[in-house]
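Participant: Test case, fold it:
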Amino acid sequence: MTDWEGPLGEAFERATTYLKGLPERPVGPRATAGELREALGGSLPQHTTDPQQVIAHLAKGVEEGLLPSGSGRFFGFVFGGATPAALAADWLTTVWDQNAGLYAASPAAAVVEEVAAEWLVELFGLPKGTSVGFVTGAQMANFTGLAAARHAVLRDHGWDVERDGLIGAPPIRVLAGAERHDTVDRALRFLGLGTSCIVPIPVDGQGRMRADALAAELTDGPTIVCAQVGNVNTGAIDPIEEICERAHQRNAWVHVDGAFGLWATVSQELRTQLKGIDQADSWATDAHKWLNVPYDSGLVLCAHPDAHRAAMSVRASYLIHDEHGERDALEFNPEFSRRARGFAVYAAIRALGRDGIAGIVDRCHAMARRFADTLAANGVEVLNDVVLNQVLVRFGNDDELTRTVVRAVQQEGTCWMSGTTWQGKAAMRISVSNWTTAEEDVDRSAAAVLAVAERLR
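Facilitator: Down below sits the predicted model:
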């Protein structure tokens with residue numbers, strides 16, 4: 001036996017056992033932090049341990065502390081699962097252990113990302129030539145897109161932010177919906193703009209930015225507009241076409257946070273809600289949501305590759321930059337050394353094709369509607385229009401009861417969904433994002449939610 005066969009064989013057996021057990025596994029962790037520390041902790045090891053024994057010990061120690069987010073009955077946070085091709089490619093990514101920062105460091109990773117990037121641009125219906133960066137998630141995708149925006153709006157006012165920094169620069173205003181995701185604020189902090197640059201734009205009853213209110217705030221100074229495709233609570237979609245039209249009339253950059261909602265462009269039924277999406281300047285989304293690629297896998301896309309490169313590019317004497325037009329990934333993302341995330345994205349798209357990806361999106365939308373209809377028919381208040389995969393529900397018009405139901409459902413184990421506060425009200429947030437979720441999962445989960453709510457009333 002080689003040094004690899006024991007630990008890899010152990011890992012394979014435990015991985016396949018875990019995956020086979022997901023359909024009936026209780027959907028929630030079953031160990032406290034203290035119990036996990038007892039199983040996994042102890043003094044620093046002083047001597048070598050057989051790698052197969054280490055893997056067995058680790059797997060056994062964490063077993064009861066895993067949150068089975070790959071289950072078809074996991075409806076928390078907008079987590080996707082992992083399709084077979086994407087998961088297998090991700091395993092190979094670890095085995096190949098490529099540093100995907102430069103073409104010279106991994107020609108295979110660079111070319112696979114290039115091909116996957118072209119497919120993504122076509123899938124989303126974005127302008128040909130749109131650049132793509134493979135990042136950790138929507139947080140870094142928003143950061144990168146907004147970095148490109150910062151470069152462009154200051155350049156247009158005669159300022160080179162990469163050379164001269166922000167001290168003395170013309171102030172940038174960021175117009176963003178009042179219900180934007182917190183990753184936008186955090187990205188602006190990282191970029192040195194701070195959150196005081198944000199001008200919150202009023203939203204409608206579903207959380208969509210009001211384009212008329214946006215128009216009243218637009219000026220001729222350096223301006224970035226942050227639109228949203230998929231409100232994190234309701235799934236609502238901002239009126240992108242009107243936002244882009246109004247913003248571009250004042251030379252503002254439009255960045256779209258489409259962490260999960262951008263994938264709706266692949267659906268024949270849902271894409272009409274995203275009319276004008278191709279008119280924006282940059283977009284952020286996650287492959288580990290509706291494409292169901294393993295964590296972590298985020299995407300940033302930019303209609304202005306020169307601005308994208310200017311914000312991210314780096315040159316150094318010890319780096320081997322390609323001189324023949326091949327793709328150096330560090331031109332498009334903030335990392336130097338990085339995992340070759342493109343392999344799993346490539347495998348997912350090649351295995352599913354456009355029709356398969358659309359099928360996941362449409363099925364998740366249908367299952368969300370089924371969830372909402374079932375709960376509403378049994379007296380549960382549904383707070384939102386189910387336009388994508390998000391369902392917000394409330395019990396007895398009571399904050400404390402709603403929060404108690406959320407906790408009790410998580411503990412009961414049939415399914416798992418998270419709580420939230422939306423427009424001042426406590427709610428249960430149901431996010432249908434997994435490629436395996438079927439009618440049986442929804443019906444079984446809805447029945448469990450109703451039983452818990454009835455018991456707690």
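Participant: Just confirm His157 contacts Pro222, I think it does.
Facilitator: Yes. His157 lies in contact with Pro222 (CB atoms under 8 Å); the separation is 5.3 Å. The way it works is simple: take the backbone N, C-alpha and C, and place the C-beta from them, glycine included.
Participant: Quick check: neighbours shared by those two?
Facilitator: Common contacts of His157 and Pro222, defined by CB atoms under 8 Å, 6 or more residues apart in numbering, comprise Pro170.
Participant: which of the two has more neighbours?
Facilitator: Pro222 (24 against 13; other CB atoms under 10 Å).
Participant: Isn't that one up against Arg173?
Facilitator: Yes. Between Pro222 and Arg173 there is a contact under CB under 8 Å: 7.1 Å.
Participant: tell me the contacts of the residue most central in space within the chain?
Facilitator: The centroid of the chain falls nearest to Asp286 when counting by CA atoms, centre = their mean (3.5 Å). If a contact means CB under 8 Å, 6+ apart, then Asp286 has Gly80, Gly137, Ala138, Ala141, Ala259, Phe260, Ser297, Gly298, Leu299 as its contacts.
Participant: any idea where the helices of the stretch 1-150 of the chain begin and end?
Facilitator: For the stretch 1-150 of the chain, the helices defined by DSSP state H, counting those that start in this stretch cover 5-21, 33-40, 51-62, 84-96, 107-124, 138-155.
Participant: any chance of those in CSV, plus mean neighbour count and distance to His308?
Facilitator: Converted to CSV, the helices of the stretch 1-150 of the chain look like this (neighbours: other CB atoms under 10 Å; distance: least, CB to CB, whole Å):
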stretch, mean neighbour count, distance to His308
helix 5-21, 14, 37
helix 33-40, 13, 41
helix 51-62, 15, 39
helix 84-96, 17, 24
helix 107-124, 19, 12
helix 138-155, 26, 5
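Participant: Of all the ones you listed, which one is nearest Asp355?
Facilitator: Nearest to Asp355, of all the helices of the stretch 1-150 of the chain, is helix 107-124, at 11.3 Å by CB to CB.
Participant: what's that closest one packed up against?
Facilitator: With contacts defined as 3 or more CB pairs under 8 Å, 6 or more residues apart in numbering; DSSP states H and E, the packing partners of helix 107-124 are strand 131-135, strand 298-302, helix 342-377.
Participant: and if we set it to 6 Å?
Facilitator: Applying 3 or more CB pairs under 6 Å, 6 or more residues apart in numbering; DSSP states H and E, one finds that helix 107-124 makes contact with strand 131-135, helix 342-377.
Participant: Out of those, which one sits most buried?
Facilitator: The highest mean neighbour count among these, using mean count of other CB atoms under 10 Å, belongs to strand 131-135: a mean of 27.
Participant: wait, is Ala247 part of a strand?
Facilitator: No. Secondary structure assignment places Ala247 outside any strand; it is helix (DSSP: H, G, I helix; E, B strand; the rest coil).
Participant: Measure how buried it is and give me the count.
Facilitator: Ala247: 24 neighbours (other CB under 10 Å).
Participant: Quick check: the gap between it and Pro171.
Facilitator: Applying CB to CB, to the nearest Å, the value for Ala247 to Pro171 is 17 Å.
Participant: Can you pull the phi/psi pair for the residue nearest to the centre of the chain?
Facilitator: Phi and psi for Asp286, reported as degrees, to the nearest 10, are phi -120, psi 130.
Participant: Any idea what it is bridged to?
Facilitator: Gly298 (DSSP bridges).
Participant: Low-confidence ranges, the chain, go.
Facilitator: Residues of the chain meeting the criterion pLDDT under 70: 1, 317-318, 322.
Participant: thinking again about what came up before, widest-spaced pair of the contacts of Asp286?
Facilitator: So, the contacts of Asp286 by CB to CB: farthest apart are Gly80 and Ala141, at 15.3 Å.
Participant: Out of the helices and strands packed on helix 107-124, which gets nearest to Ser431?
Facilitator: helix 342-377 (8.2 Å).
Participant: What strand or helix carries the nearest residue in space to Thr420 that is not next to it in sequence?
Facilitator: Once flanking residues are discounted, Thr420 sits nearest to Arg429: 4.5 Å by CB to CB, 6 or more residues apart in numbering. Element membership for Arg429 (DSSP states H and E) is strand 425-431.
Participant: in its sheet, what does that strand sit against?
Facilitator: Its sheet considered, strand 425-431 pairs with strand 390-394 (antiparallel), strand 416-422 (antiparallel) by DSSP bridges.
Participant: Same list, those, but as a markdown table with mean neighbour count and distance to Ile357 please.
Facilitator: As requested, the strands paired with strand 425-431 are exported to a markdown table (neighbours: other CB under 10 Å; distance: least, CB to CB, whole Å):
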| stretch | mean neighbour count | distance to Ile357 |
| --- | --- | --- |
| strand 390-394 | 25 | 19 |
| strand 416-422 | 19 | 24 |
